[in-house]
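1. pasting the sequence and the predicted coordinates here, then a few questions.
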Amino acid sequence: MALTDEIKQQIQQGYRDVLAGKSIRARYGQRLMIAEIARYMGDITDDDGQRTSAPAACVVEAGTGTGKTLAYLIAAIPVARALGKTLVISTATVALQDQIVLKDLPDLKKHSKLAFNWTLAKGRGRYLCLSRLEARLHDEGNGDSDTMPLFLLDGPKSEEAGTRAFFEEMLASYGSRQWDGDRDHWPEQIPDDVWRQVTTDHRQCTNRHCAYFDSCAFFDARKDLDEADIVVANHDLVLADLALGGGAILPEPENALYIFDEAHHLPDKALNHFAASVPLNATRQWLKQLSQALVKMQPYLPGGSQAAKSLDRIGGASREVDLVLSRVYEESESNTGWEFNEERRTAQWRYPEGELPEAMAELAAETRIATANLVRHLGVLADELQGAFDERKEHELDRETAEAWYPVIGSFHSRAEDQLRLWTAWCEQNAAKPEGEADPDNEGDGAQKPPAANRKSPPPARWAVRQRWDHAEDITLYSSPVLADNLLYTRLWSRAYGAVLTSATLTALGRFDRLNARAGLPKDSRFLVVPSSFRYGDMATVEVPAMSAMPTDDGFADELIRRLPGLWAGEKATLVLFTSRRQMQQVRDALAPEYPELIITQDDMAKGEVLRQHCSRVDEGRASVLFGVASFAEGIDLPGKYLHHVVITRLPFSVPDDPIEASLAEWVTQRGGNPFMEITVPDASIKLVQAVGRLLRTEQDTGRVTILDRRIIARRYGQLLLDALPPFRRIIEP
């Protein structure tokens, strides 16, 4: 679709209207971004609504102060409407999601003549399930009633909420329309263990068969999705929808134009989403819960019915899984080179190249077969129960029994499917198709696996973690893809009508290579770095003072304790960033007694409250020093007087014991690469730029950044990290 004059006019007029309406001036970078996104979308060709051009993404790095949200909204809305596609805007954080829904979209609607509507999309688990709430109240009212067994599945009850009075208040608020059933709209925070009792997932939900379908909070919210021009979601929901095939929750990828804001998070989110784990002892406890539920369920099923037969088969399959899990635990406990971290009371073991020892591989295969058997029989029973909802057909089960038990069996089925994902991943052939060779899967069982250096993609990471508590112990097994490139390409980029990725930090050391490798972007993608409107050299300095210790030295924490008071002296608002929570606490414990009412750490209270207290102190004219770790290096916004000095104690290199990073480094090494320069340094560069980005939030801000890690000037890679920072004035002590 070429950009028509009419669409260009809508974009230009919309931009002029917003600038005039808000009395703001045009920004060069913002105009560049609008033009790039509009051109990209206009270059997509289609036939009868189906994209015919090759898959491609538009990647725009635009720093703080660009006005990214307005730029992509102004560019994309007229194009999406002309194409008849839904604009799906996805963020990594709730804060940005709220900003777009509550501020940016209403602002654009108010100040422009663009016609559009929007809705916020959330997963089913964010909404009240009336059926479960009623069952919860019924359960409490009947004391030890066996008829509503849902709460076999719930964890320990919260003391603050979760009483009968609380659930009655919830029902009354929803019934009177004072509350829409959205967890995030309840006036107080609802503890996870309480919320689990009154929400559901796709495996437990009976959809149109539910007696409460017409008043369902989730389906009410879904109605808006079908009518909306713009759907605001988050990366997790987009990935969950893609895992279900696309179009289950959100519009189908073929009918969507995606904008991924905070796009640097997308590859990690994808890895998390497609990872799998099984805690062995906890799973055996869960199997006992399943056995209890089967015993309670039996009296409600007619003898000789399909459901009753399935119940017997589930019992047998459950015992088989339990037996093989005990053998897996024994094998893992006895034949793994555990080295305990006594302080954390944990030990971790990564299988090199993802290769399992022969005994463990055989047990994994057995467990996969046993778990698949359990999943199948649970699925049959779930189908039998669901069949009872269809009143047009005669059925062996009555509807009341189905309503009581379908969510329970659905929950067990879902959990068993999650476990099967791990065992399936552990049994998959490690050898991805090697470059330039035939598929080894077609060469018979005796075929040699290709050497790791020849694999196009790294093998999956497989590892185990052993934990000890006062009266218990468990071993959890994990599997994860090492790169999300293939997952994102096959499920998203190859299917999406179009996709724009934007963030303040998409390049690493000035290049898009790292993002390209991690996200598997199509080869026809286009890339743009938008110049910042900030006058960095006039607004801030980056300082590297003389230090007597390097971060790798034993005395570095003592050096921090000695130097920090001098660095924050005379400042009203300082942020000190650590890479280790333990070191942060050690420095705080040493300095807090000397500086009462000055230091707040991010662990002292909820994040919002920490920031509120910091700003309150500054408003009162008092000095405030914030201590934080990784999440404070990216996710906070303290403009103007609320932050004047950022102190970076140590370069943010990844923790070396992360099994996914270690697996990737191993693969890069086997291919003759240098994982430190190819992975560790670029990733540290992104994190460092994000940390430094806390300082200047508006064009009026000023301040300084102090880096206490002398490796930034003493090591060869340090110059690369320094040059990737914004062009602040540099003050480097010899």
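-> That came in fine, so what should we check first?
2. lowest average confidence, helix or strand, in the chain?
-> The helix or strand of the chain with the poorest confidence is helix 130-141; it has a mean of 76 (mean pLDDT, DSSP states H and E).
3. which residue ranges of the stretch 351-500 of the chain form helices?
-> Secondary structure of the stretch 351-500 of the chain by DSSP state H, counting those that start in this stretch: the helices cover 358-387, 399-427, 485-488.
4. distance to Y212 and mean pLDDT added to these, as TSV?
-> Bear in mind the C-beta positions are built from the backbone N, C-alpha and C, glycine included. Listed next are the helices of the stretch 351-500 of the chain as TSV, based on distance: least, Cβ to Cβ, whole Å; pLDDT from 0 to 100:
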stretch	distance to Y212	mean pLDDT
helix 358-387	16	95
helix 399-427	10	91
helix 485-488	36	93
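5. now these in JSON lines, with distance to V629 and mean neighbour count?
-> As requested, the helices of the stretch 351-500 of the chain are arranged in JSON lines below (distance: least, Cβ to Cβ, whole Å; neighbours: other Cβ atoms under 10 Å):
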{"stretch": "helix 358-387", "distance to V629": "35", "mean neighbour count": "20"}
{"stretch": "helix 399-427", "distance to V629": "30", "mean neighbour count": "21"}
{"stretch": "helix 485-488", "distance to V629": "28", "mean neighbour count": "20"}
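6. let's have these in TSV, adding distance to V328.
-> Listed next are those as TSV, based on distance: least, Cβ to Cβ, whole Å:
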stretch	distance to V328
helix 358-387	5
helix 399-427	10
helix 485-488	27
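7. what's the distance between L244 and D485?
-> Applying Cβ to Cβ, to the nearest Å, the value for L244 to D485 is 21 Å.
8. same check, this time on M360
-> According to Cβ to Cβ, M360 and D485 sit 28 Å apart.
9. all the strands of the stretch 1-150 of the chain, residue numbers only.
-> Secondary structure of the stretch 1-150 of the chain (DSSP state E, counting those that start in this stretch): strands located at 46-47, 50-51, 57-62, 86-91, 118-120.
10. ok, the fourth one: who's next to it in the sheet?
-> Strand 86-91 has its sheet partners listed here by DSSP bridges as strand 230-234 (parallel), strand 256-261 (parallel).
11. would you reformat those strands as JSON lines and include mean pLDDT, mean neighbour count and distance to P593?
-> Listed next are these as JSON lines, based on pLDDT from 0 to 100; neighbours: other Cβ atoms under 10 Å; distance: least, Cβ to Cβ, whole Å:
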{"stretch": "strand 230-234", "mean pLDDT": "95", "mean neighbour count": "24", "distance to P593": "42"}
{"stretch": "strand 256-261", "mean pLDDT": "97", "mean neighbour count": "26", "distance to P593": "43"}
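12. so for S291, which of the ones you listed sits nearest?
-> Comparing those by their distance to S291 (Cβ to Cβ), the top pick is strand 230-234, with 37.4 Å.
13. for the closest one, which outside residues touch it?
-> Identification of contacts with strand 230-234 by Cβ atoms under 8 Å, 6 or more residues apart in numbering yields 77, 80, 86-94, 97, 100-101, 105, 116-122, 225, 250-251.
14. how many residues are close by the nearest residue to P545 once chain neighbours are set aside?
-> Closest residue to P545 apart from its sequence neighbours, by Cβ to Cβ, 6 or more residues apart in numbering: E733 at 5.1 Å. Using other Cβ atoms under 10 Å, E733 is surrounded by 10 other residues.
15. name the helix or strand for the residue positioned nearest the centre of the chain, please.
-> Among the residues of the chain, K269 comes closest to the average C-alpha position under Cα atoms, centre = their mean, at 4.1 Å. Using DSSP states H and E, the element containing K269 is helix 266-274.
16. now do that helix: which elements does it pack against?
-> helix 235-243, helix 485-488, helix 513-519 (3 or more Cβ pairs under 8 Å, 6 or more residues apart in numbering; DSSP states H and E).
17. tell me what angle the longest one forms with strand 256-261.
-> Looking back up the chat, that one is helix 235-243. 150 degrees (axes from the mean of the first three to the mean of the last three Cα atoms, to 10 degrees).
18. still on that earlier bit, may I see the strands of the stretch 1-150 of the chain organised as a markdown table, with distance to K22, mean pLDDT and mean neighbour count added?
-> As requested, the strands of the stretch 1-150 of the chain are exported to a markdown table (distance: least, Cβ to Cβ, whole Å; pLDDT from 0 to 100; neighbours: other Cβ atoms under 10 Å):
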| stretch | distance to K22 | mean pLDDT | mean neighbour count |
| --- | --- | --- | --- |
| strand 46-47 | 35 | 90 | 11 |
| strand 50-51 | 35 | 92 | 14 |
| strand 57-62 | 19 | 97 | 24 |
| strand 86-91 | 20 | 96 | 25 |
| strand 118-120 | 19 | 93 | 21 |
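19. adding distance to F412, write those strands out as a markdown table.
-> Below are the strands of the stretch 1-150 of the chain laid out as a markdown table (distance: least, Cβ to Cβ, whole Å):
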| stretch | distance to F412 |
| --- | --- |
| strand 46-47 | 44 |
| strand 50-51 | 40 |
| strand 57-62 | 40 |
| strand 86-91 | 32 |
| strand 118-120 | 31 |
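20. for these, which one sits closest to W423?
-> Once Cβ to Cβ is applied to the strands of the stretch 1-150 of the chain, the stretch that comes out nearest is strand 86-91, at 31.0 Å.
21. can you pull the contacts of I707?
-> Shown in contact with I707 (Cβ under 8 Å, 6+ apart): 542-544, 648, 651.
22. ok, back up a step: from A404, how far off is the closest residue to the residue nearest to the centre of the chain other than its chain neighbours?
-> Leaving out its chain neighbours, the residue that sits closest to K269 by Cβ to Cβ, 6+ apart is H235, at 4.4 Å. Relative to A404, H235 is positioned 36 Å away (Cβ to Cβ).
23. I44 touches P55, doesn't it?
-> No. Counting by Cβ atoms under 8 Å, no contact exists between I44 and P55, whose distance comes to 10.0 Å.
24. so which of the helices and strands packed on helix 266-274 comes closest to N341?
-> With Cβ to Cβ, the closest approach to N341 among these belongs to helix 513-519: 28.7 Å.
25. which of the helices or strands spans the closest residue to Q298 other than its chain neighbours?
-> Residue nearest to Q298 in three dimensions, not counting chain neighbours: L311, with 6.2 Å by Cβ to Cβ, 6+ apart. With the criterion set as DSSP H and E, the secondary-structure element containing L311 is helix 306-334.
26. low-confidence ranges, this protein, go.
-> When the per-residue scores of the chain are filtered using pLDDT under 70, the ranges that remain are 1-2, 139-162, 391-392, 430-455.
27. domain parsing for it?
-> According to automatic domain parsing, the chain comprises the domains 5-117+228-271+486-530, 127-211, 277-339+352-431, 536-732.
28. in JSON lines: these, plus distance to P459.
-> Below are these laid out as JSON lines (distance: least, Cβ to Cβ, whole Å):
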{"stretch": "domain 5-117+228-271+486-530", "distance to P459": "12"}
{"stretch": "domain 127-211", "distance to P459": "30"}
{"stretch": "domain 277-339+352-431", "distance to P459": "4"}
{"stretch": "domain 536-732", "distance to P459": "7"}
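29. looking at the ones you listed, which is nearest to T476?
-> domain 277-339+352-431 (4.3 Å).
30. returning to what we had before: what's the closest of the domains of the chain to Y478?
-> The nearest among the domains of the chain, by Cβ to Cβ, is domain 277-339+352-431 at 4.7 Å.
31. just the buried residues of stretch 649-658, please?
-> 649-654 (16 or more other Cβ atoms under 10 Å).
32. most neighbours among the contacts of I707, please name it.
-> Of all the contacts of I707, the most densely surrounded is I648 (25 neighbours; neighbours counted as other Cβ under 10 Å).
33. hang on, that one packs against L708?
-> Yes. With contact defined as Cβ under 8 Å, I648 counts as touching L708 (6.8 Å).
34. alpha carbons only: can I get stretch 491-503 in CSV?
-> Coordinates of each C-alpha in stretch 491-503 appear next as CSV, following Å, rounded to 0.1, in the frame of the first residue of the first chain:
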residue,chain,number,x,y,z
ARG,A,491,5.4,-17.1,15.6
LEU,A,492,5.5,-13.3,15.1
TRP,A,493,7.6,-11.6,12.4
SER,A,494,6.7,-14.1,9.6
ARG,A,495,3.0,-13.7,10.4
ALA,A,496,2.5,-10.1,11.4
TYR,A,497,1.1,-7.6,8.9
GLY,A,498,3.7,-5.2,10.2
ALA,A,499,5.7,-4.5,13.3
VAL,A,500,7.5,-1.5,14.8
LEU,A,501,10.0,-1.8,17.6
THR,A,502,11.1,1.2,19.6
SER,A,503,13.0,2.0,22.8
